[in-house]
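J.: With the sequence up front, the predicted model follows.
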Amino acid sequence: MTSDISFEEAVDKIIDEDADYENVTEECFTSTKSFWNFPCAHRQYRHDGNCHLIHGYSRSFHFVFGIKSFTKEGFAVDYGDLKELKAHLDHMYDHTLVLDEDDPHMDKFRQLENAGVCRIRTHPMGPGMEGTAHYLCEWTDKWLRKRTRGRAWVISVEARENDKNSSIYTNPNAGFKGWIG
Ligand SMILES: [Zn+2]
């Protein structure tokens with residue numbers, strides 16, 4: 001004779017058996033923050049198609065943060081602490097022109113910048129969404145660890161140029177690296 005139990009009873013049984021919250025640590029939590037709609041131009045001089053021409057997008061950024069422990073308020077990351085990150089995003093992508101560091105026309109672009117026509121910004125890995133996600137991950141990870149004395153770090157950054165296209169860079173150095181200061 002088999003004693004069938006209902007689906008609900010089976011789930012309750014599994015949950016009861018696994019009701020071990022001992023292994024739920026603060027390190028299990030992540031938090032995210034998004035920044036929307038930065039008016040920004042760029043050009044990718046190596047591109048054979050239209051992308052070698054200066055063109056613009058409304059860029060957005062999505063950060064995922066990891067932590068060793070909560071703040072005293074029980075937050076993973078206190079969003080009030082991110083003002084410097086927002087200021088850096090404004091500096092980099094609000095009415096700016098993002099170029100390759102080795103753009104063959106850089107001299108001319110610098111002349112235009114000196115004439116007050118544009119503000120040039122560069123990334124080590126180029127002006128596209130890949131280079132942007134990589135740059136922001138490196139900058140923000142360094143900044144956030146310092147800001148939180150090592151308590152929090154960046155897991156990944158998504159850089160989005162429009163509704164359709166984005167690139168995600170995953171931090172190969174994520175995780176706790178020790179307390180700072
Ligand atoms: Zn393009």
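T.: Right, received. Where do you want to start?

J.: Any figure for the gap between Asn162 and Ile14?
T.: Here Asn162 is placed at a distance of 44 Å from Ile14 (CB to CB, to the nearest Å). For glycine as for every other residue, the C-beta is placed from the backbone atoms N, C-alpha and C.

J.: Could you do Tyr169 as well?
T.: Distance from Tyr169 to Ile14, by CB to CB: 37 Å.

J.: Please say which of the two ends up with more neighbours.
T.: With neighbours defined as other CB atoms under 10 Å, Tyr169 and Ile14 compare such that Tyr169 has more, 21 against 10.

J.: What does the more buried one show for phi and psi?
T.: Torsion angles at Tyr169 (phi, psi; degrees, to the nearest 10) stand at phi -110, psi 130.

J.: Hmm, it is touching Ser156, no?
T.: Yes: the pair Tyr169 / Ser156 is scored as a contact, 6.4 Å apart, by CB atoms under 8 Å.

J.: Give the residues shared as contacts by those two.
T.: Shared contacts of Tyr169 and Ser156, defined by CB atoms under 8 Å, 6 or more residues apart in numbering, comprise Cys137.

J.: got a list of contacts for stretch 91-98?
T.: Residues outside stretch 91-98 that contact it (CB under 8 Å, 6+ apart): 38-43, 54, 59, 109, 118-123, 127, 132.

J.: distance between it and the chain's centre?
T.: On the basis of CA atoms, centre = their mean, to the nearest Å, stretch 91-98 sits 16 Å off its chain's mean C-alpha point.

J.: how about it: buried residues?
T.: The neighbour-count check on stretch 91-98 (16 or more other CB atoms under 10 Å) flags 92-93, 96-98 as buried.

J.: Lowest mean pLDDT among the helices and strands of the protein, which one is it?
T.: Ranking every helix and strand in the chain by mean pLDDT, DSSP states H and E puts helix 7-17 at the bottom, with a mean of 77.

J.: how distant is it from the center of its chain?
T.: Centroid separation for helix 7-17 versus its chain: 39 Å, with CA atoms, centre = their mean.

J.: could I have that helix exported to PDB, CA atoms only?
T.: Extracted C-alpha coordinates of helix 7-17, given in PDB (Å, rounded to 0.1, in the frame of the first residue of the first chain):
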ATOM      1  CA  PHE A   7       1.900  18.300  -3.400                       C
ATOM      2  CA  GLU A   8       1.500  20.900  -0.600                       C
ATOM      3  CA  GLU A   9       2.400  18.400   2.100                       C
ATOM      4  CA  ALA A  10       5.500  17.400   0.100                       C
ATOM      5  CA  VAL A  11       6.600  21.000  -0.200                       C
ATOM      6  CA  ASP A  12       6.000  21.600   3.500                       C
ATOM      7  CA  LYS A  13       8.100  18.500   4.300                       C
ATOM      8  CA  ILE A  14      11.000  19.700   2.100                       C
ATOM      9  CA  ILE A  15      10.900  23.200   3.600                       C
ATOM     10  CA  ASP A  16      10.800  21.800   7.200                       C
ATOM     11  CA  GLU A  17      13.700  19.500   6.500                       C
END
